[in-house]
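1. sequence? don't have it. structure:
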């Protein structure tokens, strides 16, 4: 197992380096940080703008290879992601945003994936019955709707249910008076703020995973190994759970793992809709603000997540599939 993981880690690590490098180069060639300083009134001196961009290693007049070499050296040598175009340290803001995204996504992604697999498997077992038709129609309805529309609809519904109260929080991570606090009252307040964005993600993921899981479950319902298990005396429910679902979930495992980890950088619309200052918002603001270093930092983070997802997917697949033998 150790040699297997080392081989997989080496291959994924090469991909991480390539992906991070390409992200920086593409951002450095396509974004123009100098545009942030244009059209200011009064206008800034050209020499001052150039000096500022040189200080943060984002001067478009400097060859991109030179800028990349400096950025990569600071990252590898000191773990320094660089500074934003406004001069703030990315390292200071990065850890906070990862924590924000983790609090929002951890519970939502786990609940969404488990519920999605359960709904899909149940729909396959009860194929063409009312419950299956309803879940199919609901899933297609959700998947056809942009995620921000679902979020806005939940905000409107919550506002109507509040009826002037603040029971359901619709914006932000917490109320101002609970900043930096983790006592029971603060945790309850954070949970109130988390309910709607987490529910948005859960709805989308249940709709997505249930479609995949239903199809894979249908493929194994008539398999010989299920008939053999039933012939040996296992009840239908036990055979389906112990053998059928375990086999049917295998093709869905890579999708589950990759989608869960990539949500850390991809839940952009949810974070924007509900005012959560996480990794998705950082990416949008970085592109809009012509911030090369911030875009590159998100690229590195995403590449590392893909590395982790690949290793986790391999481990889960080997654990679930008895036919896999790792040497």
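-> Arrived safely, thanks for sending. Only a predicted model underlies this, so the values are computations on that prediction, with no experimental measurement involved.
2. first vs last residue of stretch 137-153, how far apart are they?
-> 19 Å (CA to CA, to the nearest Å).
3. per-domain residue ranges of this protein.
-> 1-85+307-327, 94-288 (automatic domain parsing).
4. Now render those as CSV, adding mean pLDDT and distance to residue 301.
-> For glycine as for every other residue, the C-beta is placed from the backbone atoms N, C-alpha and C. Formatted as CSV, the domains of the chain follow (pLDDT from 0 to 100; distance: least, CB to CB, whole Å):
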stretch, mean pLDDT, distance to residue 301
domain 1-85+307-327, 82, 9
domain 94-288, 85, 6
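5. who's in contact with the one residue sitting closest to the centre of the chain?
-> Residue closest to the mean C-alpha point of the chain, counted by CA atoms, centre = their mean, is residue 263 at 0.9 Å. Listed by CB atoms under 8 Å, 6 or more residues apart in numbering, the contact set of residue 263 reads 105, 109, 201.
6. Please repeat the previous calculation with a cut-off of 6 Å.
-> Contact partners of residue 263, counting by CB atoms under 6 Å, 6 or more residues apart in numbering, are 105, 109.
7. For it, pull up the helix or strand it's in.
-> In the assignment (DSSP states H and E), residue 263 maps to helix 253-266.
8. residues in contact with the next helix or strand after that helix?
-> Later in the chain than helix 253-266, the nearest helix or strand by DSSP H and E is helix 268-274. The contact list for helix 268-274, computed with CB under 6 Å, 6+ apart, reads 147, 148, 151, 197, 200, 278, 280, 281, 284.
9. Centre of the chain to helix 268-274, how far?
-> 12 Å (CA atoms, centre = their mean, to the nearest Å).
10. which secondary structure elements does the helix or strand following it contact?
-> Per DSSP H and E, helix 268-274 leads on to helix 279-288 as the next helix or strand towards the C-terminus. On a contact count with 3 or more CB pairs under 6 Å, 6 or more residues apart in numbering; DSSP states H and E, helix 279-288 meets helix 90-125, helix 268-274, helix 292-320.
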